[in-house]
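K.L.:
give me the fold of what follows.
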Amino acid sequence: MRTLPKTIAVLIGVMIIIFLCIKAFPGEKDEAAAVEVGSWQFLWDPGGWEQGSVTPPERVLHSPDWIAMDEESMPPSRPLGAAWAWVRIDIPQLDWPIPAVLIEKAYARNVVVYTEYRELFDSHRQYRYAMNELLLPLRAEDAGSSVYIRLQLTEERSGIVQNIVFGSFYELLTVYLTKDMLDIMLGGSFVLIGVVMLICALFLHRSYVQAWLSLSFVILSIGLLVATYSPFLFTLYPEYGRMLQLLFDVGLFALLPSFLYFFQLIFGKGYKNSILYLSRFQLGYSFFCLLLLLGNVLTNERFFSVYYLLTTTVLGGLMIVELLTMLVCSVVYSLQKNKDAWIFNAGLAVFAGVGVFELFRYYATEEQYDLYWWKWGMVVFVISLIVVLGRRFAETHNQVLQYSKELEMFNNELQHAEKMEIISELAASVAHEVRNPLQVTRGFLQLLGERSASSDKAYIDMALDELDRASGIITDFLTFAKPGAENIKTLSIAEEFRHIEGVLTPLASIHHGTIVMDIAPDLYVKGNSSKFKQAFINMIKNSIEAFQDEGQITIAASKENGEIVIRIRDDGVGMGPEELKRLGEPYFSNKTKGTGLGLMVTFRIIEAMQGTLKFSSEKGAGTEATIRLPEASE
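P.N.:
Numbering: from 1, shown residues only. Model prediction:
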C-alpha cells in the first residue's frame, strides 16, 4: 500500500511527458503554407432578414457600416435591441487541394457561418457557453471572397474572433485536434485516477480512508474541471453542452472543501483553527452553491445573473482567500522544518501563484481573460499532494513496524518476567527445604571420610564437591529470589571494584590474563555490597574463562547523563547473535559445567538496583557488557 501513491505520481508524470510530446510534435505540417489573418470587419446585425437563409442578406453583404477590427479592438457601441453581430473575414488565395479556415476562438452563444454562396456552419446552443472552435472546409472558388460569421453576443469584449488561419484542411485538422486534445486527455486521466482511488478506498484500513478519499475527490474534481473547461467537447458534442457545464460547476464546488479538508488532515487545523473554520464554511457554501445550481436548472436559468454572481464572482474571491491562507500556513510549517510542508508548499506555491495571477487578471479584464495556465498549476499541485500522502502512508507504515517491534520486545520482556517470577517463587519455596538436607548429608559424609580407607576417600571427596556444587546452585536460587533488597546503602564504585580486583586477579593470572581498571573517582550507586560484588564477579569470571590462550579484561566506569555506566570488555572467544539472545536464561551456558544461573542472578541483581545490563559480542573478537545504574549522592 505504501507504494500506491508513488505509483500514481509516476503514472501522472509519464502521462504529462506523453502529452507534451503530442503537443510538441502534432504531426508533419507546412507552417509556411498556412496564412494567418490578424484583422477582419465588424458589423452589428441590421436585422430584417429571414431566419434560416443559406446566404447573408444583401444589406449585410453591401453595408457601408463595416468597421475594421483586430484582437485588441473593442466593437462599437451596441445599437438598441441588437443581439447579433457579423464578422467578415477576407479569404486569400487558396493554393491547397482541400482548403479550410481554422478559427480557434469565436466568442458567441450561437454561431452561423457563411460564404457569399452557401452556409458552412450552424450552431444554436440552449445553454450559456460562449467559446467556439471552428474548422470549416472551403472550396477553390471561394478564393477572393469572404467568410461571414453571424454571432449572438452575450457580452461586449475585444477579440471576438481570434487566431484565424487559412491552410490545408488536414494540417489544420491536426492543429484543431491536438490543440485541446491535451486538455481532454489530461482531464480524463485525472478522472480515471480519481475513480480508481475511490475504488481502492474500499480496501484501505480505516485510518487511511479520510485522507485517501479527500485526495480522491480533489483529483476527480480537477479532472472534471480540466476536461469540461475545454471548448473541444462543446464543439464536438454540442448536444451535451449543458451537462458539461453542470459537471464543471459540480467539480468546482467539490474541489474547494475537499482540498481544505485534505490540508487539515495532513497538517492540522492551522493558526487559531483558521483552516478548520475555512473548511467548514466552504463545505456549507459549496452545498449552498449546489442548491443554487439545482434552482438554476429547474427555473431554466431565469435567475442566472444571481447564480453567476454567487458561484463565480464570490466563489472566485473565496478561492483567492483560501489559497493565500493555505499558502501562509504551509510556509509557517515549512519554517518548522516539516518536510511534507516543503513538498506541499512547493506544489501549492505553483498552483496558488498561477491561480491567483489568473483570477486577478480575469477580474481585471472584466472577465474577458481566458484561464489557461491554471491546469498546469493543478498538475504540479496534484503530484505534490500524492507525494505528501505517500510519505504520510510510509511514515504510518514505519510507525506500525516500530510498534510491532516494540510489541514483540514487550512480549519477550513479559515472558521473561513471567519466567523469572516462576523461578523466583520456586527458589523461595524450595531452596531452604533442599539446603538443610544437603548440609546434613555433607556432615555425615565428612564423618565417613575421616573413618574410611584411603581407597574410598576419593569417592567421598567427589561426593562432597558435588554437594558443594548443589549448595552453590541453591545459593544462586536464593539470591535470585532476594536479589539484595536488604542492607541497601551507598556504594563507592571505586572501592567495590578494588575489592573485586583483589579477589579475581589470581584467577586471571592462572588463565594468563590481566585486569585493567579505569574507574573515575566519586562514582556512587545504591545497593547491597555483597550482591553488587557477586554480580560483577560473575561477569568478570565469565570473561576470564572466555580467554583462549591469554587475554585482557578492561573495566571502565564513568558518569553519563546522570547515570553510572560500567563497561567490562574482554578479548575472549566472543558469541554469536543467537547466543546473545539467550544470555540470562536458566541452564543456558557456553561452559562445560555451567548452569547459566550465575548470569541469571546477575541480571536479577542489576534489575533490583534499577539498572540495565546489555551485551555486545562478535565471534573471535570478544565481548563487552554495559551496565547502567542510577547515580547516588555520597
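K.L.:
residues near Glu501, how many?
P.N.:
The number of residues packed near Glu501 is 17, by other C-beta atoms under 10 Å. Every C-beta, even on glycine, is put in place using the N, C-alpha and C of the backbone.
K.L.:
same check, this time on Gly187
P.N.:
Neighbours of Gly187 under the rule other C-beta under 10 Å: 23.
K.L.:
ok, the one 5 residues further on next?
P.N.:
A count of neighbours around Leu192, defined by other C-beta under 10 Å, yields 15.
K.L.:
helix, strand or coil for the residue nearest to it when sequence neighbours are not counted?
P.N.:
Distances taken as C-beta to C-beta, 6 or more residues apart in numbering place Gly223 nearest to Leu192, at 7.6 Å, with adjacent residues excluded. Taken by DSSP: H, G, I helix; E, B strand; the rest coil, the conformation at Gly223 corresponds to helix.
K.L.:
then Glu156?
P.N.:
Classified using three-state DSSP, Glu156 is coil.
K.L.:
my guess is it meets Pro75, correct?
P.N.:
Yes - the criterion here is C-beta atoms under 8 Å, and Glu156 meets it with Pro75 at 6.0 Å.
K.L.:
contacts only, for the residue nearest to Leu192.
P.N.:
Residues near Gly223 by C-beta atoms under 8 Å, 6 or more residues apart in numbering: 187-194, 251.
K.L.:
and with 10 Å instead?
P.N.:
Contact analysis of Gly223 by C-beta atoms under 10 Å, 6 or more residues apart in numbering lists 186-195, 251, 378, 382.
K.L.:
before we move on, what about Ala346?
P.N.:
Shown in contact with Ala346 (C-beta under 10 Å, 6+ apart): 330, 334, 380-381, 383-384, 387.
K.L.:
got TSV for the contacts of Gly223, with secondary structure and distance to Leu348 too?
P.N.:
What follows is these, written out as TSV (DSSP: H, G, I helix; E, B strand; the rest coil; distance: C-beta to C-beta, whole Å):
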residue	secondary structure	distance to Leu348
Leu186	helix	19
Gly187	helix	21
Gly188	helix	24
Ser189	helix	21
Phe190	helix	17
Val191	helix	22
Leu192	helix	24
Ile193	helix	19
Gly194	helix	19
Val195	helix	25
Gly251	helix	19
Met378	helix	11
Val382	helix	11
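K.L.:
dump those residues to a markdown table, plus distance to Ser471.
P.N.:
Converted to a markdown table, these look like this (distance: C-beta to C-beta, whole Å):
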| residue | distance to Ser471 |
| --- | --- |
| Leu186 | 86 |
| Gly187 | 87 |
| Gly188 | 86 |
| Ser189 | 82 |
| Phe190 | 81 |
| Val191 | 83 |
| Leu192 | 80 |
| Ile193 | 76 |
| Gly194 | 78 |
| Val195 | 78 |
| Gly251 | 86 |
| Met378 | 82 |
| Val382 | 77 |
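K.L.:
looks like Leu135 contacts Asp180 (just checking).
P.N.:
No - using C-beta atoms under 10 Å, Leu135 is not in contact with Asp180, being 11.7 Å away.
K.L.:
who touches both of these two?
P.N.:
Taking C-beta under 10 Å, 6+ apart as the contact rule, the neighbours common to Leu135 and Asp180 are 104, 235.
K.L.:
can you give me the helices in the stretch 301-450 of the chain?
P.N.:
304-308, 314-335, 339-364, 374-451 (DSSP state H, counting those that start in this stretch).
K.L.:
outline the domain layout of the protein.
P.N.:
4-14+179-403, 34-178, 489-630 (automatic domain parsing).
K.L.:
I'd like those domains as CSV, with distance to Gln446 appended.
P.N.:
Formatted as CSV, the domains of the chain follow (distance: least, C-beta to C-beta, whole Å):
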stretch, distance to Gln446
domain 4-14+179-403, 60
domain 34-178, 109
domain 489-630, 23
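K.L.:
roughly how far does Val332 sit from Ile460?
P.N.:
From Val332 across to Ile460, the span is 86 Å (C-beta to C-beta, to the nearest Å).
K.L.:
and Val165, bridged to which residues?
P.N.:
Counting by DSSP bridges, Val165 is bridged to Glu36, Leu102.
K.L.:
in the chain, what helix or strand scores lowest on average pLDDT?
P.N.:
Every helix and strand of the chain was ranked by mean pLDDT, DSSP states H and E. The lowest is helix 4-24, at a mean of 52.
K.L.:
now the two most distant members of the contacts of Gly223.
P.N.:
Using C-beta to C-beta, the contacts of Gly223 span at most 17.4 Å, a distance reached by Val195 and Met378.
K.L.:
neighbour count for these two, which is higher?
P.N.:
Ranked by neighbour count (other C-beta under 10 Å), Val195 and Met378 place Met378 first, with 26 against 14.
K.L.:
contacts only, for the closest residue to that one other than its chain neighbours.
P.N.:
Distance criterion C-beta to C-beta, 6+ apart; nearest residue to Met378, sequence neighbours excluded, is Ile222 at 4.9 Å. Contact analysis of Ile222 by C-beta under 10 Å, 6+ apart lists 186-187, 190-191, 193-194, 251, 254-255, 258-259, 351, 374-375, 378-379, 381-382, 385.
K.L.:
any chance you could map the helices in the stretch 451-600 of the chain?
P.N.:
Secondary structure of the stretch 451-600 of the chain, counting by DSSP H, counting those that start in this stretch: helices at 454-481, 493-510, 529-545, 577-582, 597-608.
K.L.:
which of those helices sits most buried?
P.N.:
Greatest average neighbour count among these goes to helix 597-608 (a mean of 22), per mean count of other C-beta atoms under 10 Å.
K.L.:
now the angle from it to helix 529-545?
P.N.:
Computed by axes from the mean of the first three to the mean of the last three C-alpha atoms, to 10 degrees, the angle separating helix 597-608 from helix 529-545 equals 130 degrees.
K.L.:
so what does helix 597-608 touch, helix or strand wise?
P.N.:
Helices and strands touching helix 597-608, by 3 or more C-beta pairs under 10 Å, 6 or more residues apart in numbering; DSSP states H and E, are helix 374-451, helix 454-481, strand 524-527, helix 529-545, strand 612-618, strand 622-630.
K.L.:
quick check: mean pLDDT across it?
P.N.:
The average pLDDT within helix 597-608 is 77.
K.L.:
same check, this time on stretch 445-460
P.N.:
Averaged across stretch 445-460, the pLDDT comes to 69.
K.L.:
list the contacts for Pro56?
P.N.:
49, 62-63, 86, 88, 112, 114-116, 119, 146, 148-150 are the contacts of Pro56 under C-beta under 10 Å, 6+ apart.
K.L.:
switch to 8 Å and redo it
P.N.:
With contacts defined as C-beta under 8 Å, 6+ apart, Pro56 is in contact with 86, 114, 116, 148, 150.
K.L.:
how about Gln552?
P.N.:
By C-beta under 8 Å, 6+ apart, the contact set of Gln552 is 513-516, 570-571.
K.L.:
name the member of those with the most neighbours.
P.N.:
Highest neighbour count within the contacts of Gln552: Asp570, with 26 neighbours (other C-beta under 10 Å).
K.L.:
per-residue pLDDT, the closest residue to that residue other than its chain neighbours?
P.N.:
Of all residues not flanking Asp570 in the chain, Ser543 sits nearest, at 3.8 Å (C-beta to C-beta, 6+ apart). We have a pLDDT of 84 for Ser543.
K.L.:
mind listing the strands for the stretch 201-350 of the chain?
P.N.:
Ranges of strands within the stretch 201-350 of the chain: none, based on DSSP state E, counting those that start in this stretch.
K.L.:
which stretches of it have low pLDDT?
P.N.:
The stretch 201-350 of the chain contains residues with pLDDT under 70 at 345.
K.L.:
returning to what we had before: and of the contacts of Pro56, the nearest to Ala130?
P.N.:
The closest of these, once distances to Ala130 are taken by C-beta to C-beta, is Arg150, at 14.4 Å.
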